[in-house]
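J.: Fold the following for me, if possible:
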Amino acid sequence: MAASSSCHSYFSVTPLFGSNLPHFSSPRRTSLLVNRRSFSITATMASSHTKKVLIPVAHGTEPFEAVVMIDVLRRGGADVTVASVENQVGVDACHGIKMVADTLLSDITDSVFDLIMLPVQVNVPVIGGHAGVTILPLFSQATPQANLSADVLTALTKRTQDGGTEVVEAKAGKGSATLSMAYAGALFADACLKGLNGVPDVVECSYVQSTITELPFFASKVRLGKNGVEEVLDLGPLSDFEKEGLEALKPELKSSIEKGVKFANQ
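T.: Numbering: from 1, shown residues only. Below is the predicted model of the structure:
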């Protein structure tokens, strides 16, 4: 299976730079490496129980979800077959990314698989800042809609806040979440170019100068257009948990903003 981005030509014109320098955890960004442990569990299960896995892909498939799933299972020793449900092995995944399956689903109808896994695109707005407690995922606005228990909601929020630190610690301080950053950067560049080219209603989350809270800078959904950021959207309805998280992040984000502005003015 191969994946390529139709956006690659953009970068020959507009270079995008992301940091590959690892950041180090603070008391507010401690990590239990749950992500690495869960991947190990998944890989072990694949190796000991699931030998043949079918992953169907189609036009509109979420590529990142599919690629991570495929990689984890193959690392665990599973025999993974990526099959296109279309009439061609090449599919147009989300965000203009091209994916090439191993085979057509119609060609393997007589095959037997131990497990069929479907990549699902989950969209969760993330607001606030860039580090630790300042990162606030709005699971109440997730699509598909999720009914999460209080314990699961708290755990997922913590995992989101500490995700970057988990990767740094998993790499023993030798790198950071470069794959996620590259993918996010490509998506945002693609969204900006769509807006500049007049594609209507292009919405992405971005950290921008803002008036939706009392803080001068804030990450939230923005509408992109021919003039760049044309509208900073309001936060929408928040759950009680998210309202508490919003108030909790403000002092630290305010301090970070003040330090950044002071540095910029030197």
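
J.: how is the protein carved up into domains?
T.: For the chain, automatic domain parsing gives the domain ranges 22-116, 126-264.

J.: Make a markdown table out of the ones you listed and add mean pLDDT.
T.: Listed next are the domains of the chain as a markdown table, based on pLDDT from 0 to 100:
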| stretch | mean pLDDT |
| --- | --- |
| domain 22-116 | 75 |
| domain 126-264 | 93 |
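
J.: Can you lay out those domains as TSV showing mean neighbour count?
T.: C-beta: built from backbone N, CA, C; applies to glycine. TSV is the format used below for the domains of the chain (neighbours: other CB atoms under 10 Å):
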stretch	mean neighbour count
domain 22-116	16
domain 126-264	16
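
J.: which residues in the stretch 101-250 of the chain form helices?
T.: Under the criterion DSSP state H, counting those that start in this stretch, helices of the stretch 101-250 of the chain are mapped to 150-170, 178-196, 240-264.

J.: how far off helix 150-170 does the shortest one point, in degrees?
T.: Which is helix 178-196. 110 degrees (axes from the mean of the first three to the mean of the last three CA atoms, to 10 degrees).

J.: I'd like to know which elements helix 178-196 is packed against.
T.: Contacts defined by 3 or more CB pairs under 8 Å, 6 or more residues apart in numbering; DSSP states H and E place helix 178-196 against strand 202-209, strand 217-225, strand 228-232.

J.: That one to strand 228-232, inter-axis angle?
T.: Going by the same axes, to 10 degrees, helix 178-196 makes 90 degrees with strand 228-232.

J.: Convert helix 178-196 to PDB, retaining C-alpha atoms only.
T.: Extracted in PDB, the C-alpha atoms of helix 178-196 (Å, rounded to 0.1, in the frame of the first residue of the first chain):
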ATOM      1  CA  THR A 178       7.100  14.700  13.300                       C
ATOM      2  CA  LEU A 179       4.600  12.600  11.400                       C
ATOM      3  CA  SER A 180       1.600  14.300  13.100                       C
ATOM      4  CA  MET A 181       3.100  17.700  12.600                       C
ATOM      5  CA  ALA A 182       3.800  17.100   9.000                       C
ATOM      6  CA  TYR A 183       0.300  15.800   8.300                       C
ATOM      7  CA  ALA A 184      -1.300  18.700  10.200                       C
ATOM      8  CA  GLY A 185       0.900  21.200   8.400                       C
ATOM      9  CA  ALA A 186       0.000  19.700   5.000                       C
ATOM     10  CA  LEU A 187      -3.700  19.800   5.900                       C
ATOM     11  CA  PHE A 188      -3.600  23.400   7.000                       C
ATOM     12  CA  ALA A 189      -1.500  24.500   3.900                       C
ATOM     13  CA  ASP A 190      -4.100  22.800   1.700                       C
ATOM     14  CA  ALA A 191      -6.900  24.600   3.500                       C
ATOM     15  CA  CYS A 192      -5.200  27.900   3.200                       C
ATOM     16  CA  LEU A 193      -4.700  27.400  -0.600                       C
ATOM     17  CA  LYS A 194      -8.300  26.300  -1.000                       C
ATOM     18  CA  GLY A 195      -9.400  29.500   0.700                       C
ATOM     19  CA  LEU A 196      -7.100  31.700  -1.400                       C
END
